[in-house]
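Chemist: using only what follows, build the 3D model:
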Amino acid sequence: MRDTRATLIAAAIATLRESGFAGASARRIAAKADCNQALIFYHFGSVPDLLMAALEDVSARRMAAYRELLDHSGTLGELIDGARAVFEADLDAGHVTVLVEMISGAQSTPGLGERVSACLAPWRSFAESAVRDVLASSPFGSLVPPGEVAHGVVAGLLGLEMLASLDGDRASALALFDRARAVGDLLDRIRPLAALLNLSPSAPPSPPSPPSPPSPSAPPSPPHL
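Modeler: Predicted structure coming up:
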């Protein structure tokens, strides 16, 4: 049973890449999986449910690749190089096409948009955690809000992948990675100096203590007669 589910998910991914959401019918997916289309409804209940399982499978594999990337990246330059490699692997495997087609299909299928968005939510959480980890070792970390950076990273990567997937032009996206690599190298080189200079913002000065009340003066001595 597990093998049948995996086969149907693989067939759904291939169908989304080749025929798009509109062409991902039960008949076509079943033909790709070389099985009876009734098995789609037995295992998944509906074609949209199978297509969501396909998107979740793609998302899980991409997440695993990025987690491994973070585990083996010690500098910003290495992180950017790894991100570029995963970016190209995503395009080669057609992962971005699957996401693009599911977003497209969500416009005409009630309830699908919320499910696609929920599938992307862990990416935002993962990116925020990754950004926080990277910034923790940087003297500039307290200057940058991780949540905002993570939102920009996810939106930027998805946008780059979608554009490169739609128009077939990777050169512009790869040029941005090259530019980011140069900036990352620069930040890696100045990190020790920045830490030495303690460029993190200093704590705000403590408010001045209120003045002490004047001590009572001694009464004047009586005049000597």
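Chemist: quick one, phi psi at residue 111?
Modeler: Here is the backbone geometry of residue 111 (degrees, to the nearest 10): phi 80, psi -10.
Chemist: distance of it relative to residue 47?
Modeler: The spacing between residue 111 and residue 47, counted by Cβ to Cβ, to the nearest Å, is 13 Å. C-beta here means a position set from N, CA and C on the backbone, and glycine is covered the same way.
Chemist: of those two, give the one with the bigger neighbour count.
Modeler: More neighbours surround residue 47 than the other of residue 111 and residue 47, with 21 against 8 (other Cβ atoms under 10 Å).
Chemist: which ones are touching the closest residue to that one other than its chain neighbours?
Modeler: Nearest residue to residue 47, sequence neighbours excluded (Cβ to Cβ, 6 or more residues apart in numbering): residue 26, at 5.2 Å. Shown in contact with residue 26 (Cβ atoms under 8 Å, 6 or more residues apart in numbering): 37, 40, 41, 47.
Chemist: what does residue 29 give?
Modeler: Residue 29 sits next to 8, 11, 12, 15, 37, 40, 47, 50 when contact means Cβ under 8 Å, 6+ apart.
Chemist: secondary structure element for it?
Modeler: If you go by DSSP states H and E, residue 29 is part of helix 26-33.
Chemist: after that helix, which helix or strand is next? Please name it.
Modeler: By DSSP H and E, the next helix or strand past helix 26-33 is helix 38-44.
Chemist: buried residues of stretch 126-133, list them for me.
Modeler: 126, 127, 128, 130, 131, 132 (16 or more other Cβ atoms under 10 Å).
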